[in-house]
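1. Have a look at this fold, sequence not included:
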């Protein structure tokens with residue numbers, strides 16, 4: 001049994017967004033169900049989602065070791081360094097370690113089988129350090145134990161709370177409203193009984209450990225052959241096998257329209273302090289309209305406060321149970337007789353899609369979250385942003401990251417360091433092969449951020 005290394009008192013209040021010293025060992029391994037991961041275009045490039053942590057090198061006492069399964073284009077590293085006051089000094093405190101094996105996934109599993117790389121990694125850790133995983137699995141715990149460093153993330157012993165069934169348990173304890181439903185169903189009989197017990201014409205079945213909405217199925221009660229899967233190539237036979245293996249929840253399908261999809265990002269520091277960092281409105285798409293595509297900050301004012309309050313209660317419950325690190329919570333929001341209601345949908349006990357936009361926005365603008373208003377404030381000026389992980393254009397395929405970044409500057413859609421507005425690009429490694437990238441458009445108002453985002457999409461699609 002692997003025992004997690006505890007944080008020392010010195011780092012009891014550590015936030016990975018604002019470390020003052022020490023080494024961040026960043027392991028962006030996609031230690032997730034590989035069958036669903038293969039459905040995501042340019043999935044391996046999602047290892048670059050944590051590159052925003054290079055911006056923490058602004059603090060002269062911070063060192064970053066960043067691992068990847070394939071080399072990261074030097075132009076991408078230089079791009080992040082350009083946000084820092086002393087790029088040359090930052091470069092001395094960054095160590096990039098690649099396995100040069102892009103097709104062997106997940107990264108951590110391959111790393112554990114490479115004693116030469118592990119030995120180099122141990123040699124690079126100097127003084128206090130912590131491991132920052134994209135996803136925390138037993139693989140990352142084994143790696144941290146091998147390096148003898150603590151992990152900034154929820155231990156695998158808490159993994160159940162990040163499942164769809166576990167989220168319902170935490171939501172009940174926190175007193176947060178949820179759709180009616182049943183957790184921990186596995187057999188055909190349990191699924192059938194749950195479907196018949198719920199109101200409405202349709203129900204939604206969600207795999208316990210799926211992500212990005214890819215493990216969802218909408219079932220029509222009157223005709224069980226009418227099933228809409230988030231993953232277009234899914235079948236009920238294969239889906240049922242996953243239910244038996246992983247478990248699932250069956251919930252009433254919220255037919256109310258309009259329906260909104262806010263989320264919250266929270267953090268528990270090693271001393272047990274729980275904080276809500278941001279609320280967002282998610283942008284969803286895909287075959288069933290349930291797959292994460294991007295987000296806007298902040299969530300709409302009609303339900304922002306309720307989402308933030310519910311997220312705070314959930315974060316405190318998780319902190320009391322011993323969870324440490326970053327995690328997200330997804331909600332449904334709808335108009336009710338007494339205003340807007342926010343219902344907990346799921347807890348993602350890991351770094352998620354809104355983490356990079358939040359990190360990019362705060363680390364480039366210096367903005368600080370004001371929980372009373374639910375806004376990011378840079379001095380007396382609020383910052384808003386609109387972000388995507390999924391801008392793809394055929395005209396980008398074959399281009400290099402450097403070419404795209406230079407074109408963005410030429411077109412005036414880069415970042416204005418004086419105004420602290422503009423675009424922060426990511427997932428640039430997916431450009432050459434897939435013509436895909438992500439970007440966070442930051443403005444001083446919702447309208448400015450949205451206009452810049454729309455303009456950027458048009459211009460990038462016309463390169």
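-> Now that the structure is in, tell me what you want to look at. This is a predicted model, so every value here is computed, not measured.

2. Output the below-cut-off pLDDT ranges for this structure.
-> Applying pLDDT under 70 to the chain flags the ranges 1-3, 32-43, 211-213, 286-288, 290.

3. Go ahead and flag the most central residue of it.
-> residue 352 (1.1 Å; CA atoms, centre = their mean).

4. Distance-wise, check the nearest residue to it once chain neighbours are set aside relative to residue 5.
-> Leaving aside its sequence neighbours, residue 352 sits nearest to residue 328 (CB to CB, 6 or more residues apart in numbering; 4.1 Å). To be clear about C-beta, it is placed using only N, CA and C from the backbone, and glycine gets the same treatment. Going from residue 328 to residue 5 by CB to CB, to the nearest Å gives 25 Å.

5. So for these two, which residue has more residues nearby?
-> residue 328 (25 against 16; other CB atoms under 10 Å).

6. Pull out the buried positions in the helix or strand containing the more buried one.
-> Per DSSP states H and E, residue 328 falls inside strand 325-336. Across strand 325-336, burial judged by 16 or more other CB atoms under 10 Å covers 325, 326, 327, 328, 329, 330, 331, 332, 333, 334.

7. contacting residues around residue 334?
-> Listed by CB atoms under 8 Å, 6 or more residues apart in numbering, the contact set of residue 334 reads 254, 256, 258, 259, 260, 340, 341, 343.

8. repeat that with 6 Å
-> 256, 259, 341 (CB atoms under 6 Å, 6 or more residues apart in numbering).

9. That one and residue 172, how far apart?
-> 20 Å.

10. likewise residue 370?
-> Relative to residue 172, and taking CB to CB, residue 370 is found at 30 Å.

11. could the buried residues of strand 325-336 be laid out in TSV, adding distance to residue 304?
-> Output for the buried residues of strand 325-336, formatted as TSV (distance: CB to CB, whole Å):
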residue	distance to residue 304
325	24
326	20
327	19
328	16
329	14
330	15
331	11
332	14
333	9
334	14
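
12. so which of those comes closest to residue 51?
-> For the buried residues of strand 325-336, the closest approach to residue 51 (CB to CB) belongs to residue 326, at 15.7 Å.

13. Just list whatever residues bridge to that closest one.
-> residue 267 (DSSP bridges).

14. That one reaches residue 266, doesn't it?
-> No. Using CB atoms under 6 Å, residue 326 makes no contact with residue 266, being 7.4 Å away.

15. where do the contact lists of those two overlap?
-> Among the neighbours of residue 326, none is also in contact with residue 266 (CB under 6 Å, 6+ apart).

16. in the stretch 201-350 of the chain, which spans are strands?
-> Taking DSSP state E, counting those that start in this stretch, the strands of the stretch 201-350 of the chain run over residues 202-207, 216-220, 227-229, 248-252, 262-268, 274-285, 291-297, 325-336, 339-348.

17. which stretches of the protein form helices?
-> Ranges of helices in the chain, per DSSP state H, are 34-37, 74-81, 87-92, 107-112, 115-124, 138-147, 164-174, 188-197, 236-246, 304-320, 355-365, 401-410, 431-434, 446-460.

18. Just give me the neighbour total for the residue nearest to residue 162 when sequence neighbours are not counted.
-> Nearest residue to residue 162 in three dimensions, chain neighbours excluded: residue 349, at 2.7 Å (CB to CB, 6+ apart). By other CB under 10 Å, the residues close to residue 349 number 28.

19. which residues does residue 98 contact?
-> Contacts here follow CB under 6 Å, 6+ apart; on that basis residue 98 touches 68, 71.

20. one more time with 7 Å
-> The contact partners of residue 98, by CB atoms under 7 Å, 6 or more residues apart in numbering, come to 68, 70, 71.

21. Over to stretch 177-191 now: how far is its first residue from its last?
-> End-to-end span of stretch 177-191 (CA to CA, to the nearest Å): 23 Å.

22. So what sits opposite residue 342 in the bridge?
-> residue 333.

23. Quick check: it vs residue 420, distance?
-> For residue 342, the distance to residue 420 equals 30 Å [CB to CB].

24. which one of the two has more residues nearby?
-> More neighbours surround residue 342 than the other of residue 342 and residue 420, with 27 against 19 (other CB under 10 Å).

25. measure that one to residue 163 for me?
-> Taking CB to CB as the measure, residue 342 falls 21 Å from residue 163.

26. again, but for residue 439
-> Residue 439 sits 31 Å away from residue 163, taking CB to CB as the criterion.

27. just residue 24 next, same as before
-> Using CB to CB, residue 24 is found at 28 Å from residue 163.

28. Residue 130 contacts residue 147, correct?
-> No. Counting by CB atoms under 7 Å, residue 130 stays clear of residue 147, with 9.9 Å between them.

29. shared neighbours of these two, anything?
-> Listed as contacting both residue 130 and residue 147 by CB under 7 Å, 6+ apart are residue 25.

30. And the buried residues of strand 325-336, which is closest to residue 215?
-> For the buried residues of strand 325-336, the minimum distance to residue 215 (CB to CB) is 13.2 Å, reached by residue 330.

31. wait, isn't the closest one in contact with residue 345?
-> Yes. If you go by CB under 7 Å, residue 330 and residue 345 touch, sitting 4.2 Å apart.

32. Now do the contacts for residue 307.
-> Contacts of residue 307 by CB under 7 Å, 6+ apart are 262, 264, 279, 299, 331, 333, 342.

33. same thing but at 8 Å, please
-> Taking CB under 8 Å, 6+ apart, we find residue 307 in contact with 262, 263, 264, 279, 299, 331, 333, 342.

34. Columns distance to residue 360 on top of those residues, output as a markdown table?
-> Conversion of these to a markdown table gives the following (distance: CB to CB, whole Å):
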| residue | distance to residue 360 |
| --- | --- |
| 262 | 20 |
| 263 | 17 |
| 264 | 18 |
| 279 | 17 |
| 299 | 18 |
| 331 | 23 |
| 333 | 25 |
| 342 | 26 |
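
35. how about those residues, which pair is most distant?
-> Pairwise distances across the contacts of residue 307 (CB to CB) peak at 11.5 Å, for the pair 264 and 333.

36. Report the set of residues contacting both of those two.
-> The contact sets of residue 264 and residue 333 overlap at 299, 307 (CB under 8 Å, 6+ apart).

37. list the buried ones in stretch 393-407?
-> The neighbour-count check on stretch 393-407 (16+ other CB under 10 Å) flags 393, 396, 399, 401, 402, 404, 405, 407 as buried.

38. which non-adjacent residue is nearest the fifth one?
-> Sequence neighbours aside, residue 75 is the residue nearest to residue 402 in space, at 3.5 Å (criterion: CB to CB, 6+ apart).

39. again, but for the second one
-> Excluding the flanking residues, the one nearest residue 396 by CB to CB, 6+ apart is residue 435, at 3.8 Å.

40. Pull the residues that contact stretch 169-176.
-> Stretch 169-176 has contacts (CB under 8 Å, 6+ apart) with 160-161, 177-178, 183, 310, 313-314, 316-318, 344, 347.
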